[in-house]
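S.K.: Give me a model of this one.
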Amino acid sequence: MTMTHKPVMVATDLSARCDRPIERAVKLAQDWSVKLIVLHVLDPALPENPKRTRLDIETQILDEVPPTKGEVEVVVQEGVVADTINKVANEKDCGIIVTGVASYNSLGDIFLGHPVDKLIRHAEAPVLVVKRKPVKSYKNIVIATDFSNCSMDALNVAASLFPEAALHLVHAYHVPYETWLKSDQVKIEVKKEEHDLMDQFLAKHIVDDNILKRLDISIDEGNLGTVLSNKIEETKSDLLVLGTHGRSGFMRATIGSNAKTILGWAVQDVLMVRGKK
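M.R.: Residues are numbered from 1 along each chain as shown. Down below sits the predicted model:
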């Protein structure tokens with residue numbers, strides 16, 4: 001699968017914590033030779049300096065964007081932050097939305113004080129939550145799968161956006177009624193079934209041969225967060241990719257009830273991919 005890269009959009013609240021996402025967005029735009037769009041949202045619900053004009057904001061943004069040979073467009077719009085980000089990204093046909101993290105302690109504090117959940121649920125474009133200083137390009141990427149169409153979309157998007165990176169596809173599973181069923185044979189059969197499901201998943205979606213050559217597959221028993229954490233540490237991965245919708249509660253397991261946990265312990269950047277409708 002190949003992808004024609006579209007503009008990169010990064011949203012900033014003009015605070016120091018936006019330095020990392022802006023730097024990553026600049027690097028992506030340069031690597032892909034596309035326009036960089038820097039968005040600042042004037043939220044009516046938030047206090048603003050009445051003496052600061054839109055021109056002042058645009059000037060500050062241009063002063064803070066690292067030097068780049070590519071085209072930079074600054075957009076200042078009024079509205080609810082998450083909704084406006086999605087609206088502008090759609091209007092500008094952006095290929096990715098880059099955001100930052102305001103706090104590692106609370107889901108409600110992620111990105112400009114708004115839940116990242118709200119942003120990614122409605123964003124057509126993938127959402128990249130940047131945590132690390134972007135010293136280099138992504139070299140190793142962990143992608144979680146529950147065998148849903150959305151997780152396949154996540155794999156394809158990651159592969160296309162970062163064609164030089166190694167891909168590590170990870171599936172976590174539990175042995176049903178493990179507390180009561182102590183038989184090793186049951187565990188063997190369940191593991192075999194999960195491997196068969198992985199084969200069917202890849203065959204069903206006709207994964208590109210070029211992606212398969214870069215793909216390392218892991219199927220491990222255990223909690224999703226633990227399995228992902230172990231694989232990230234093992235592969236020294238610098239990006240974690242999650243589909244935002246899935247089957248059998250995968251949405252709740254990643255973005256919903258455990259979003260705080262996964263986004264909290266992951267020191268790596270996290271790419272959220274919404275499945276195709």
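S.K.: contacts, neighbours, all on C-alpha from now
M.R.: Will do.
S.K.: The chain: strands as residue ranges?
M.R.: Counting by DSSP state E, residue ranges of the strands within the chain are 8-11, 36-42, 72-78, 96-99, 127-129, 140-144, 166-173, 215-221, 239-243, 269-273.
S.K.: tell me the most buried of the ones you listed?
M.R.: For the strands of the chain, the largest average neighbour count (mean count of other CA atoms under 10 Å) is found in strand 8-11, namely a mean of 28.
S.K.: How far does it sit from its chain's centre?
M.R.: Relative to the mean C-alpha coordinate of its chain, strand 8-11 is positioned 13 Å out (CA atoms, centre = their mean, to the nearest Å).
S.K.: just stretch 190-205 next, same as before
M.R.: Using CA atoms, centre = their mean, the mean C-alpha position of stretch 190-205 is found 25 Å from that of the whole chain.
S.K.: All the helices of this structure, residue numbers only.
M.R.: Assigned helices in the chain, in chain order: 19-32, 54-64, 81-91, 116-122, 149-161, 184-204, 209-214, 224-235, 250-251, 259-265 (criterion: DSSP state H).
S.K.: Using a markdown table, please lay out those helices together with mean neighbour count.
M.R.: Compiled in a markdown table, the helices of the chain are given as follows (neighbours: other CA atoms under 10 Å):
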| stretch | mean neighbour count |
| --- | --- |
| helix 19-32 | 22 |
| helix 54-64 | 14 |
| helix 81-91 | 18 |
| helix 116-122 | 18 |
| helix 149-161 | 22 |
| helix 184-204 | 14 |
| helix 209-214 | 13 |
| helix 224-235 | 17 |
| helix 250-251 | 20 |
| helix 259-265 | 18 |
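S.K.: for those, which one sits closest to residue 45?
M.R.: helix 81-91 (9.8 Å; CA to CA).
S.K.: Contact partners for the nearest residue to residue 139 once chain neighbours are set aside?
M.R.: Nearest in space to residue 139, with sequence neighbours left out and distances taken as CA to CA, 6 or more residues apart in numbering, is residue 165 at 4.4 Å. Residue 165 makes contact with 138-141, 159, 214 under the criterion CA atoms under 8 Å, 6 or more residues apart in numbering.
S.K.: same thing but at 10 Å, please
M.R.: For residue 165, the contacting residues are 137-141, 158-159, 214-215, 237, 239, by CA atoms under 10 Å, 6 or more residues apart in numbering.
S.K.: Farthest pair within these?
M.R.: Spanning the widest gap among the contacts of residue 165 are 137 and 215, at 18.0 Å by CA to CA.
S.K.: still on that earlier bit, now render the strands of the chain as JSON lines, adding mean pLDDT.
M.R.: As requested, the strands of the chain are exported to JSON lines (pLDDT from 0 to 100):
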{"stretch": "strand 8-11", "mean pLDDT": "94"}
{"stretch": "strand 36-42", "mean pLDDT": "93"}
{"stretch": "strand 72-78", "mean pLDDT": "94"}
{"stretch": "strand 96-99", "mean pLDDT": "93"}
{"stretch": "strand 127-129", "mean pLDDT": "92"}
{"stretch": "strand 140-144", "mean pLDDT": "95"}
{"stretch": "strand 166-173", "mean pLDDT": "94"}
{"stretch": "strand 215-221", "mean pLDDT": "93"}
{"stretch": "strand 239-243", "mean pLDDT": "90"}
{"stretch": "strand 269-273", "mean pLDDT": "91"}
